[in-house]
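Enquirer: sequence-free structure coming up:
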C-alpha cells in the first residue's frame, strides 16, 4: 500500500508512503456507488445469472472479508441477520437468493411495493451519489460519514445515513472494513 | 497512549506499546453506557442545571472533538442536523436546551409520548447494555459494532444498531471518533 | 495482516485484528538471523550458484522492497553506497557479486583478513543471536533495537548494534522497512 | 495530532487528519540539528549551568520518553551503556555530568583530543545538516534515514549515519521514538 518513488538521491530522498488521502476516501465512496449501479444494471439485463457473479466479484474487490469479520450493518437488514460479518451475508444482502438470509437483494433495485419479503414492482438503481459530511484519516485506515442518495429507473428516490471505513491493502486498494447504513430517523 | 514497562534488560527488553485491546473496546462501549446513565440520573435528580455540565464534561472526556470533526450520527438526529461534527451538536443531542438544534435530549430518557419536539412523560434511562458483534483493531484506532439495549425507569425498552470507533490518546484513553447509531430497520 | 476469528456471536464478537506482538518482533529478529545463517551455509556448500538465488528469495520474503525504498544501512556499507534502498543493493550486500557495489558479501561469512575488498580466509557464519533492548509496537509497524551476536565456523566473533523495523503485510508477515546496523563505537 | 478544518458542509466535509508529511520529517530532522546547536551554544556560553537545563527541556520536547522506552543508540555510546532507553541516559549522552554513564557529552562539542573519557580541546558544534536518503511514512509514525553532517567552531568536521523515527503526539508534535546513530564503517 505504498507509492514507490523514483531512485533516491540526497536532494530527493526515497519515499515509502502509506497515506490514504481525502480524495481516496471520496473516490472509494463513489466506487461503492458505481459498484451498486453495476450490480443493478447486470440484474436488470441478465437476472441473477449475471448479477450474482458480479456482486461476488465486487465484494471480493471492495470489502475486507479476506482479513476477517467485516462490520457490515446494511440498510434493510434487521433482527438476527442485522450484521453481515461474512461474505455470504454481504452477497445475500446485495442480491438475495440465499434462504439462510431471505434477503430481497438491495442491489436489485427499489423496494417496489415494500411487501417484504416478496417485493414486487422493483426498479433498478440508476443513480447513486455520496455526500460526505465528515472524513477522517488514520494512517492506512480512514472513514467517511454522510448521506448516499439513490434513484431508481422509475424515479423512486431514497437516502441513507452511511458510514464507510476503509483499510488500504498491500496493492493500495481501499477495502471496506466498516459499513453502517441506516434510513433517516423520523419521529 | 503507551504502557510503560519496567527498566529494560536484555532478557526483558523495554516495551513501548500502543495497543488497543479487544477488552479496551468492550470497556469503552460499557463506559459509553455508564456515561449515558449518569447523564440521565443527573437530569432526573437536578434537571439541566445538573445534567448539562455533566454531559459537557463527559463529551470532553469520551469524544475526540479536540482532534477535529467527530463523525457522529445520533439515533434521533435527522435532516439538516443529522451529523453532529461539533461538541455543540453532541451536547444538544444528549441534553437538548439548544435552539440551534431543537433536540429533545436523548440522555434525558425515553421518548415518552413521542410528540416531537415536545416529548412528554419521559423516563430516565436506568439500564444500558452493549452487545458487540464485530470488533476491529487497527493500531491506535479500533471499532466496535453491535446492539445497545436501553431500558428506562418506567420499563420502556429500546434497542439501536451502533458503531463506535475510537482513537487512543496520549494518556491512553479511548476517544470516540465515529458514532453511528440507528434504529433497527422495519419493513 | 489479520487474524480471522471463528464465526461471531454476541458473547464472542468477531475480531479483525492487526496486532504485531512483542513475540512477533522477537521472532522476526530470530528469522533474520536464521536467514543469514542459511545464506552462509548455502555459500559454503555451493558457492554463489547456491547462495545467490537463496539470498534473493530471502530478501523478497523478509524485506519490504515491493512497497518502496527500504531504509537499509548495513554494517559494512560506507561512502556513496552506504544506504541500500533497492533490492539490488541489499542482494549485493549479502552476497556480493555486483560490480556496481563491490561488496565482499556479509552473508558469506567472517571478514577474514579484512583486506577489503579482497577478503580472504573467510569463515561462514554458524551462530547468530539477537539480544533486544527496546521493542516498540505501533499498530501494523514495530521496531526492535539491540545487539546481534555473530559467530563464524572458525570461532571468529562479532557484535553489531542493530535496529530493525517492520511492517505487517496483508498475509501477516513482518517485512523489514528499516535496518540500521553498525559496529560498536570505540574511542 | 490532527489538523482541525473549518466548519463542514457537504461540499467540504469536515476533516480529521493524522498525517505526518515528508516535510514534517525533514523539519523534524532539522529541528534535531537546531536543538543540538542550541545545547552546544548554551554550554560554550554558560557551561553546564546553562546547557544542562536546556538539554533537559529539549529532550522532554523532542523525544518520546513519556510514552515509554525510547530506542536510542547514540553515536559515542558503547558497551553496557550503548542503549539509552531512559531520559537520564539521553541527558547524560548530550551533556555528560552523570557518573552513572560517564559520558563526555556529545552536545558540548567536538571530541577534541579523543582521550576518552577526559576529552580536552573540544569545540562547540556550530553547523549541523541532515541529508535524508530514505523517508517512510506510516500514519502517525515516520522515519528518516541518512547522514547528518556536523561542524565545530574550530573547523572540525564529522558525519554520522542516522536513523530517526517519530510518533506524532496529540498536539501534533513529532517525538523521537527511535534514534540510531553510528560512525561510517571503515575497513
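Expert: Arrived safely, thanks for sending. Everything numeric here is computed off the predicted structure, so don't read it as measured data. Residues are numbered from 1 along each chain as shown, chains lettered A, B, ... in the order given.
Enquirer: tell me how far residue A:77 lies from chain C.
Expert: Taking CB to the nearest CB, to the nearest Å as the measure, residue A:77 and chain C are separated by 15 Å. Just so you know, the C-beta spots here come from the backbone N, C-alpha and C atoms, and that holds for glycine as well.
Enquirer: list the contacts for that residue?
Expert: Residues near residue A:77 by CB atoms under 8 Å, 6 or more residues apart in numbering or on different chains: A:83-84, A:93, A:103, B:185.
Enquirer: where does it land in three-state SS?
Expert: The local conformation at residue A:77, judged by DSSP: H, G, I helix; E, B strand; the rest coil, is coil.
Enquirer: related to what we said a few turns ago, near chain C, list only the ones from the contacts of residue A:77.
Expert: Filtering the contacts of residue A:77 for proximity to chain C by CB under 8 Å from any CB of the partner chain leaves residue A:83.
Enquirer: now, which of the contacts of residue A:77 sits nearest residue A:170?
Expert: For these, the residue nearest residue A:170 by CB to CB is residue A:84; the value is 24.7 Å.
Enquirer: please verify my assumption that the closest one contacts residue A:93.
Expert: Yes - the criterion here is CB atoms under 8 Å, and residue A:84 meets it with residue A:93 at 5.7 Å.
Enquirer: where do the helices sit along chain A?
Expert: A:22-62, A:87-95 (DSSP state H).
Enquirer: helices or strands next to the first one in the packing?
Expert: In this case it means helix A:22-62. Counting contacts by 3 or more CB pairs under 8 Å, 6 or more residues apart in numbering or on different chains; DSSP states H and E, helix A:22-62 packs against helix A:87-95, strand A:125-138, strand A:141-152, strand A:157-168, strand A:174-182.
Enquirer: look through chain A and state the residue closest to chain B.
Expert: Closest contact between chain A and chain B, by CB to the nearest CB, is at residue A:182 (3.2 Å).
Enquirer: nearest residue to residue A:129 other than its sequence neighbours?
Expert: residue A:149 (4.6 Å; CB to CB, 6 or more residues apart in numbering or on different chains).
Enquirer: list the beta-bridge partners for that neighbour.
Expert: For residue A:149, the beta-bridge partners are residue A:129, residue A:159 (DSSP bridges).
Enquirer: so how many other residues sit close to it?
Expert: 14 (other CB atoms under 10 Å in any protein chain shown).
Enquirer: just checking, it touches residue A:157?
Expert: Yes - Residue A:149 lies in contact with residue A:157 (CB under 8 Å); the separation is 7.2 Å.
Enquirer: mind putting the helices and strands packed on helix A:22-62 into a markdown table with mean pLDDT?
Expert: Below are those laid out as a markdown table (pLDDT from 0 to 100):
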| stretch | mean pLDDT |
| --- | --- |
| helix A:87-95 | 98 |
| strand A:125-138 | 96 |
| strand A:141-152 | 97 |
| strand A:157-168 | 97 |
| strand A:174-182 | 98 |
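Enquirer: related to what we said a few turns ago, most packed of the helices of chain A?
Expert: helix A:87-95 (a mean of 23; mean count of other CB atoms under 10 Å in any protein chain shown).
Enquirer: please compute how far that one lies from its chain's middle.
Expert: 11 Å (CA atoms, centre = their mean, to the nearest Å).
Enquirer: again with stretch A:148-163
Expert: Counting by CA atoms, centre = their mean, stretch A:148-163 is centred 14 Å from the centre of its parent chain.
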